[in-house]
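Participant: based on what follows, work out the 3D shape:
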Amino acid sequence: MSDETTALPKKEIDLSVRSPRPQINLTRELPKPNAYAVSMDHEYKEIAFNEERAPLNKGVWREKVFGVSQDFPLDVEVGTGAGHHFAHHAKKFPERCLVGLELKYKPLIQTIRRAKAAGGVHNAICRFHAFSLDELFAEGEVNNVYIHCPDPWVTPRKPRNRVVNRHILGDIYKMQRPGSFLEFKTDSREYFLWALEEIKLTPYKVEFQTLNLYGEDNIYKQNNFQTGFERIFVNQGIEINYIKLIK
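Facilitator: So this is what the prediction gives:
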């Protein structure tokens, strides 16, 4: 565990061996769209973007979607789930924009509804795959990024499908503004240890990391928002692995 910013070896990210970009079905081609898919393109159309409309905001999220200046911070949450952390962020930081990514229609709409109910103003949600983040945001467009308990891909073992890998981290690093952070936490020790090796291949600096976020009192534990899944893991005695990276 470290509570001081640590420089990691800087190496070139070999983009030639990255995983293929996953193809997701188009919402407009759904034979029988459910109520959540319909509401994304109707009731919530201005703040919930399908996989075709979302990339049109690349480089213009602040001015086009939120109507704010370029100085306004814009954060991203990769994999919002049902949106509990998303809503927490929306309520706690009304002075920051927040864009979430989620693939499933129901949690996607739950996320934006919870944010609105919490009083969020500058919030939007996208149906988009994390492996194509660079199609959503331009270089230097993003501030802080949150990745909480993503699929660990341990059964079966398919590490190339893991979101926190050298290639996606390289994309995110370019998108972020200097001084921004990336927060990653997972209940999977196997995933976390694997990710640490991937992180070494990026330009990020480590501000703090631990194999057990709740093992001792610290400011990161105090400031942590515990998601529903995270609470289940902790109640089962599973340790939460956590790292905070700085650009």
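Participant: which residues of the protein score low on pLDDT?
Facilitator: Applying pLDDT under 70 to the chain picks out residues 1-17.
Participant: list the contacts of the most centrally placed residue in it.
Facilitator: Nearest to the mean C-alpha position of the chain, by C-alpha atoms, centre = their mean, lies residue 78 at 2.1 Å. By C-beta atoms under 8 Å, 6 or more residues apart in numbering, residue 78 lies in contact with 101, 130, 133, 145, 146, 147, 150, 163. Quick note: C-beta positions are derived from backbone N, CA and C, even for glycine.
Participant: okay, the residues you listed in a markdown table with secondary structure, distance to residue 62 and neighbour count next?
Facilitator: As requested, the contacts of residue 78 are arranged in a markdown table below (DSSP: H, G, I helix; E, B strand; the rest coil; distance: C-beta to C-beta, whole Å; neighbours: other C-beta atoms under 10 Å):
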| residue | secondary structure | distance to residue 62 | neighbour count |
| --- | --- | --- | --- |
| 101 | strand | 17 | 23 |
| 130 | helix | 21 | 21 |
| 133 | helix | 17 | 19 |
| 145 | strand | 16 | 23 |
| 146 | strand | 19 | 21 |
| 147 | strand | 22 | 23 |
| 150 | coil | 26 | 20 |
| 163 | coil | 25 | 22 |
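Participant: roughly how far apart are the residue of the chain positioned farthest from its centre and residue 114?
Facilitator: Distance from the C-alpha centroid of the chain, by C-alpha atoms, centre = their mean, peaks at residue 31 (29.5 Å). Distance, residue 31 to residue 114, by C-beta to C-beta, to the nearest Å: 29 Å.
Participant: do residue 33 as well
Facilitator: 22 Å.
Participant: and those two? which has more neighbours close in?
Facilitator: residue 114 (22 against 15; other C-beta atoms under 10 Å).
Participant: export whichever helix or strand that one is part of to PDB, keeping only CA atoms.
Facilitator: Assessed by DSSP states H and E, residue 114 sits inside helix 105-117. This file holds the C-alpha atoms of helix 105-117, laid out as PDB (Å, rounded to 0.1, in the frame of the first residue of the first chain):
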ATOM      1  CA  TYR A 105     -31.200  -0.500 -21.200                       C
ATOM      2  CA  LYS A 106     -32.800  -0.900 -17.800                       C
ATOM      3  CA  PRO A 107     -29.800   0.200 -15.600                       C
ATOM      4  CA  LEU A 108     -29.000   2.900 -18.200                       C
ATOM      5  CA  ILE A 109     -32.400   4.500 -17.600                       C
ATOM      6  CA  GLN A 110     -32.300   3.800 -13.900                       C
ATOM      7  CA  THR A 111     -29.000   5.700 -13.800                       C
ATOM      8  CA  ILE A 112     -30.200   8.900 -15.300                       C
ATOM      9  CA  ARG A 113     -33.500   8.800 -13.300                       C
ATOM     10  CA  ARG A 114     -31.600   8.500 -10.100                       C
ATOM     11  CA  ALA A 115     -29.300  11.400 -11.000                       C
ATOM     12  CA  LYS A 116     -32.300  13.600 -11.800                       C
ATOM     13  CA  ALA A 117     -34.000  12.600  -8.600                       C
END
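Participant: which parts of whatever helix or strand comes next after that helix are buried?
Facilitator: Downstream of helix 105-117, the first helix or strand assigned by DSSP H and E is strand 123-126. Across strand 123-126, burial judged by 16 or more other C-beta atoms under 10 Å covers 123, 124, 125, 126.
Participant: in terms of helices and strands, where is residue 90?
Facilitator: Using DSSP H and E, residue 90 falls in helix 84-92.
Participant: which residues sit against that helix?
Facilitator: Contacts for helix 84-92 (C-beta under 8 Å, 6+ apart): 75, 77, 80, 96, 98, 100, 111, 114-115, 117-121, 123, 125, 146, 148, 225, 227-228.
Participant: ok, now stretch 156-170?
Facilitator: Residues outside stretch 156-170 that contact it (C-beta under 8 Å, 6+ apart): 13-15, 18-19, 78-79, 130-131, 133, 147, 150-153, 182, 184, 191, 194-195, 198-199, 201-202, 204.
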